[in-house]
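Asks: Provided below for reference: sequence and predicted model.
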Amino acid sequence: MLRLILRRLLISVPLVFLVSLLTFLLQALAPGDTARTILGNTYTPEGYAQLRQQLGLDEPLLTQYWHWLSGALHGDLGVSPISGLDVGEQITTRLGVTLSLIVWCTVLAAVVGVTLGVVSAVRGGALGRLVDALSLVGFAVPVFWFGLVLVTVFAVTLRLLPATGYVDPATSLSGWAQSMVLPVVALALAPAAVIAKQTRDGMLDALGRDFVHSLRANGASERSIVFRHALRNAAIPVVTVIGLVFVGMLTGTVLVESVFAMPGLGGLAVQSTVQHDLPMIQGVAVTFTVVVVLVNLLVDIAYGWLNPKVRAS
Amino acid sequence: MINTRSWRRVVAALALTLAAAGCGGPAATNPVSSSETTLDIGTSYPPTPNLDPGNANGASLWYLELAYEPLIKMASDGKLKPGLATSWRYVGEGNTTFELTLREGVKFSDGTPLSADVVKANLDRFRGTAQLSTAAQLADVSAVTVVDAKTVRLALSKPNPTIAAVLSEFYGAGDIASGAALADPTKLATQTFGAGPYVLDAARTVEGDHYTFTRNPHYWAPDKAKFETVVVKILPNPNSALAALRTGQVDLVQGAPNTDKAAKTAGLQVVSVPQTFVGLALADRAGTTLPALGDVRVRQALNYAIDRKKITAGLVGTYGGPTPTEQVVLPGQPGYNDKTFYPHDPDNARQLLREAGYPNGFTLPAVSFSGPSGMTPLLQVMANQLADVGVRLQISDTADSNKYIQDMLSGQFPAYGIAFGTLPVHLMGPLLFLPNATPFNPFHSTDPTLESLYAKAAAAGPDTKPDLDRQIIGRLVEQAWFVPVLFQPVSYYARPGVGGVAATPNRPTPNPVEWTFTG
């Protein structure tokens, strides 16, 4: 298992490098540049040329990339030429918002999804069809629309929760918890539907297998069959889906952060892309890549825990 | 570099995420709470590109107005009023020498005093630092001289009748920073060093989320700083912004055309003024890439083909003062011609096209930006009406503003969708219609009559300038360089009890320094 983890970590180093290089090149190929963002519509051609030179935008692309990389390798992600803000500080300030949003969503989606999936597989009938229907709704409902509905009902009409904003937990724990409820529910709907569908299908498959009949014939309790044997058997694809859901939510947070005015990484990614803020884009891309690598590593570890064959290999 | 404080926040949030699953909390509290001494404002953007007054624009206006006292203030009706300068005047004839008399006893938020030397240092930085947008705004200033301790004189390389407006906070080059701040101008991007009523409190600010301003203890008119604290909160989604206002999280927000009705229904104050003319720019007026546009009759035909009233009623609706237009200025503004140039007349349009040699019309490629200005939907409706006279408007739409600008400047599109916030006529010249206007004259169209009128108006005194401005706008309309269709309004919503929220076409953005709590 340790070798697996080490191998994965080693592979992730060139992956992060490759992602940073591709992000840099793609951004450089996109129309517009940082200088134009800074100057807006009011600029002289001379000023524009001078600013490009000052920012190093007139240098060859690989030279520009090397400047960034050499700083990053020393732990310095640079300063935004547009806002003047330190990239590392911005990312760490916003990472807590985005990660807490995603972790909460994953927990909620996993609990709700697995529960619904198991119950509908075991009970079947109308409940099974209901889970299927809810899964479809979960897939179909746009996250920003669902978020606005939640705001209208729970903030504007019932006045139970704040409409927008994020509270630093260091400032107010209860304020933080309340500010998280609606965004987490809005973002968790679709993943919960995916997990419920996957769990239901996996459970139905497992419950129909020969080993389940053998267990029943040997007098194992239904509870033991469902939770100790069938669920564990169905868990590997569910864990895979949970991992994918976690990674997918990195993009979903963009909309949720916008609707709920939360200062997370998603909003920073969009803003810096629109503004051609290269150091900020690079920082966000690398951060997202590291998060994805770590989540995939956790999923691999979970496989090993769930399936002895994986541990042995 | 990554600091330990930030990391602690990440770890705390994650730890709480994992540990506080049971935390619900009793009643809801607002993340940004309103109180009698705190004004909470919601806006769509953080200060963009940053807080440096040398790069001031619409997205940073409120932040800078709170922290910087301009040389000359612009009131909500567009009239210029004393700021750091108590008076100003052109010296002699011809609008080539401009003099400011400074207020005495003023200190900046860092406690250092205002002086003529500090004003000169700021203006020299604004005009001499090419990477600041103020460099283009002050391009006509050839020298700044300290006449005496409270008098500064600007020498202009060519006549400029709007230099006073440019030195206001609204047009950007009037926000003066302390002399100490100029020693390290990089700090201006993230901190404030003005002589305005408030100062940015970095410790209570989260970049990109909310910006907290507290009273400037050195402000020269303390009674005008009406709030202990002003918090500017970033609310990028218009519906969420409205919800935040309705639930008391903020006192005022920027509106959007699609939420005006909901705001009105909710009993909020809705302040709305027409600001941005939207339509089609017929950029290739020499017919370089599309010969048809080189004929003024064709350009006029396109103007006759458009039913502006019908389009405006359909797209803008009844809220926000829908204003159809064929001119690039609004009724009542300098330069406005009180007449109709192009009544909707498709038959006349077809006749003009026949006379110009295009009885079967032609294909007109245009690039458009599907941003919040409503440009693309407007062009799509225009395409239907132009098709009635045989002109096939071929829209290349992009959601990327950078690509839109790049395509517009590329010279590949003989026309482009335009959304342009109207300005005083003289200020529009270098942006919109002079030969080197950047970026809205990509084909460098020339018209000696227009340029001659512009030069005369630049040097004109107050008696003759209004008529010359009218002639400039009239010439632009007659030559049909554009097909303006409507003025898109800009809206602001305030809760009842917030006073002083005023905006007019001449100053379409209300000034937060003027707002009060009335109840």
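Replies: Now that the structure is in, tell me what you want to look at.

Asks: packing partners for the one helix or strand A:E89 maps to?
Replies: A:E89 belongs to helix A:87-123 when assigned by DSSP states H and E. If you count contacts as 3 or more C-beta pairs under 8 Å, 6 or more residues apart in numbering or on different chains; DSSP states H and E, helix A:87-123 packs onto helix A:125-140, helix A:173-207, helix A:231-259, helix A:265-275, helix A:278-306, helix B:4-19. (C-beta placed from N, C-alpha, C; glycine too.)

Asks: How about chain A: which residue is closest to chain B?
Replies: A:G32 (2.4 Å; C-beta to the nearest C-beta).

Asks: which secondary structure element contains the closest residue in space to that residue that isn't next to it in sequence?
Replies: For A:G32, ignoring the flanking residues on the chain, the nearest one in space by C-beta to C-beta, 6 or more residues apart in numbering or on different chains is B:N402 at 2.4 Å. Applying DSSP H and E as the criterion places B:N402 in helix B:401-410.

Asks: What are the buried residues along that helix?
Replies: Burial within helix B:401-410, assessed by neighbour count using 16 or more other C-beta atoms under 10 Å in any protein chain shown, is assigned to B:S401, B:N402, B:K403, B:Y404, B:I405, B:Q406, B:D407, B:M408, B:L409.

Asks: Over to stretch B:151-161?
Replies: Those would be B:T151, B:V152, B:R153, B:L154, B:L156, B:P159, B:N160, B:P161, for stretch B:151-161 by 16+ other C-beta under 10 Å.

Asks: Find the closest residue to chain A in the stretch 401-519 of chain B.
Replies: The stretch 401-519 of chain B approaches chain A most closely through B:N402 (2.4 Å), counting by C-beta to the nearest C-beta.

Asks: so B:T129 touches B:G54, yeah?
Replies: Yes: in this structure, B:T129 is within contact of B:G54 by C-beta atoms under 8 Å, at 6.5 Å.

Asks: interface residues of the stretch 151-300 of chain A facing chain B?
Replies: A:151-152, A:155-156, A:159-170, A:172-179, A:258-263, A:267-268, A:271, A:274-276 (C-beta under 8 Å from any C-beta of the partner chain).

Asks: in the stretch 401-519 of chain B, which spans are helices?
Replies: B:401-410, B:425-428, B:448-459, B:465-478 (DSSP state H, counting those that start in this stretch).

Asks: now, of those helices, which is deepest in the fold?
Replies: Sort those by mean neighbour count, taking mean count of other C-beta atoms under 10 Å in any protein chain shown, and helix B:425-428 sits at the top with a mean of 24.

Asks: Restrict that helix to CA atoms and write it as PDB.
Replies: Backbone C-alpha positions of helix B:425-428 (Å, rounded to 0.1, in the frame of the first residue of the first chain) are rendered in PDB as follows:
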ATOM      1  CA  VAL B 425     -18.400  65.300 -26.600                       C
ATOM      2  CA  HIS B 426     -14.700  66.300 -26.300                       C
ATOM      3  CA  LEU B 427     -13.900  63.200 -24.300                       C
ATOM      4  CA  MET B 428     -15.600  61.000 -26.800                       C
END
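
Asks: Remind me what it packs against, helices and strands.
Replies: Where contact means 3+ C-beta pairs under 8 Å, 6+ apart, helix B:425-428 is packed against helix B:448-459, helix B:465-478.

Asks: Quick one: low-confidence residue ranges for chain B.
Replies: For chain B, applying pLDDT under 70 flags the ranges B:1-36, B:317-322.

Asks: Find the residue at the geometric middle of it.
Replies: Closest to where the C-alpha atoms of chain B average out (C-alpha atoms, centre = their mean) is B:G58, at 4.6 Å.

Asks: Give me the distance between that one and B:A437.
Replies: Look at B:G58 and B:A437: by C-beta to C-beta, to the nearest Å, they are 19 Å apart.

Asks: cool, and B:D140?
Replies: Distance from B:D140 to B:A437, by C-beta to C-beta: 15 Å.

Asks: So which of these two has more stuff around it?
Replies: For B:D140 versus B:A437, neighbours defined as other C-beta atoms under 10 Å in any protein chain shown are more numerous around B:D140 (21 against 16).

Asks: Now do the phi/psi pair for that one.
Replies: Dihedral pair for B:D140: phi -80, psi -10, per degrees, to the nearest 10.

Asks: Kindly report the same for the one 3 residues further on.
Replies: For B:A143, the backbone dihedrals (degrees, to the nearest 10) come out as phi -160, psi 150.

Asks: what about it, neighbour count?
Replies: Residues within reach of B:A143, counting by other C-beta under 10 Å, total 14.

Asks: so it touches B:L154, yeah?
Replies: Yes: counting by C-beta under 8 Å, B:L154 is a contact partner of B:A143 at 7.5 Å.

Asks: Could you find the closest non-adjacent residue to the residue nearest the centre of chain A?
Replies: What sits nearest the mean C-alpha location of chain A, by C-alpha atoms, centre = their mean, is A:L250, with 2.6 Å. Spatial nearest neighbour of A:L250, chain neighbours left out: A:F288 (5.6 Å); criterion: C-beta to C-beta, 6+ apart.

Asks: Show the low-confidence segments of chain A, by residue range.
Replies: A:42, A:308-313.

Asks: which ones are touching the residue nearest to the centre of chain B?
Replies: When contacts are counted by C-beta atoms under 8 Å, 6 or more residues apart in numbering or on different chains, B:G58 is found next to B:G421, B:T509.

Asks: List the buried residues in stretch B:491-505.
Replies: B:S491, B:Y492, B:Y493, B:A494, B:R495, B:V498, B:G500, B:V501, B:A502, B:A503, B:T504, B:P505.

Asks: Can you give me the domain boundaries for chain B?
Replies: Recorded structural domains for chain B (assignment: automatic domain parsing) are B:26-272+B:490-517, B:275-489.

Asks: Who has more neighbours out of B:T129 and B:G54?
Replies: B:G54 (23 against 18).

Asks: Mind checking what secondary structure the residue nearest to that one when sequence neighbours are not counted has?
Replies: Spatial nearest neighbour of B:G54, excluding adjacent residues (C-beta to C-beta, 6+ apart): B:L132 at 3.5 Å. The assignment at B:L132 comes out as coil when based on DSSP: H, G, I helix; E, B strand; the rest coil.

Asks: so who does B:L132 touch?
Replies: Going by C-beta under 8 Å, 6+ apart, B:L132 touches A:L39, A:G47, B:D52, B:G54, B:N55, B:R125, B:F126.

Asks: Rebuild those residues as TSV, extending it with secondary structure and distance to B:I472.
Replies: Compiled in TSV, the contacts of B:L132 are given as follows (DSSP: H, G, I helix; E, B strand; the rest coil; distance: C-beta to C-beta, whole Å):
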residue	secondary structure	distance to B:I472
A:L39	helix	26
A:G47	helix	26
B:D52	coil	33
B:G54	helix	29
B:N55	helix	29
B:R125	helix	32
B:F126	helix	27
